[in-house]
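[1] got a sequence here, can you model it:
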Amino acid sequence: MKVHTPTSMDNTSKEDLIDRLLADWRKERPDLDCEPMSIVGRLIYLGTLLKSRAADTLQPYGISYTDLDLLATLRRMGHPYQKTPTELMETILLSSGAMTAALSRLEAQKYIKRGTHPRDGRVKTVSLTNKGLRLIDKTIEVRFGEAENAIQVLSAEEMKMLKPILRKLALHLKSK
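    Below you'll find the predicted structure:
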């Protein structure tokens, strides 16, 4: 990973969209404590920017971020790259209708196949095809490269500090 060395060209002193929004709120509603929103607003905004960047990166491959997430979930399980739709739903934040639509789309493109479990015909399965395996192995490299590019502005020390803070916040919010 490339390590960024901070310079005087860093943007830490520049105003961003969240600064401007909060300045408006401070003017209109000085009774509101804007500090929590300075963090939460930026996390939401960053999520939007990162998801958009990921979608742009995947566009040449004809798959969406959700498609990548589904294929990656199957891939990282190892051979035979298979899960039940219920197991997939536990790892991907989709409604059952959205999951069904995504699975149908990926099956039509021959990236996955649906079947039944060999030991229990009542259990439905979703598996990567060879075509799907080739696609996810290529696109996941592109996706990881884009993620590296997105955070290149951070120094190694900043990344080291940020990872446990974000993990702590995610675990806290997940437990609520």
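
[2] in the helix or strand bottoming out on mean pLDDT in the chain, what's buried?
    Scoring the helices and strands of the chain by mean pLDDT, DSSP states H and E places helix 85-91 at the bottom, with a mean of 87. Neighbour counts using 16 or more other Cβ atoms under 10 Å place residue 88 of helix 85-91 among the buried residues. Glycine gets a C-beta too; all of them are placed from N, C-alpha and C.

[3] what's next to it, contact-wise?
    By Cβ atoms under 8 Å, 6 or more residues apart in numbering, the residues outside helix 85-91 that reach it are 70, 73, 74, 96, 99, 100, 103, 124, 126.

[4] for stretch 54-71, same thing?
    Everything outside stretch 54-71 that qualifies as a contact, by Cβ under 8 Å, 6+ apart, is 51, 88, 92, 94, 98, 102-103, 105-106, 109, 111-112, 128, 132, 135-136, 138-140, 142-143, 146.

[5] now the helices: where do they sit in the protein?
    17-28, 35-58, 65-76, 85-91, 96-108, 130-150, 156-175 (DSSP state H).

[6] low-scoring stretches of the chain, by residue?
    1-12 (pLDDT under 70).

[7] spatially central residue for it, please.
    In the chain, the centroid-proximal residue (Cα atoms, centre = their mean) is residue 51; its distance is 6.5 Å.

[8] and it, what does it touch?
    The neighbours of residue 51, taking Cβ under 8 Å, 6+ apart as the test, are residue 65.
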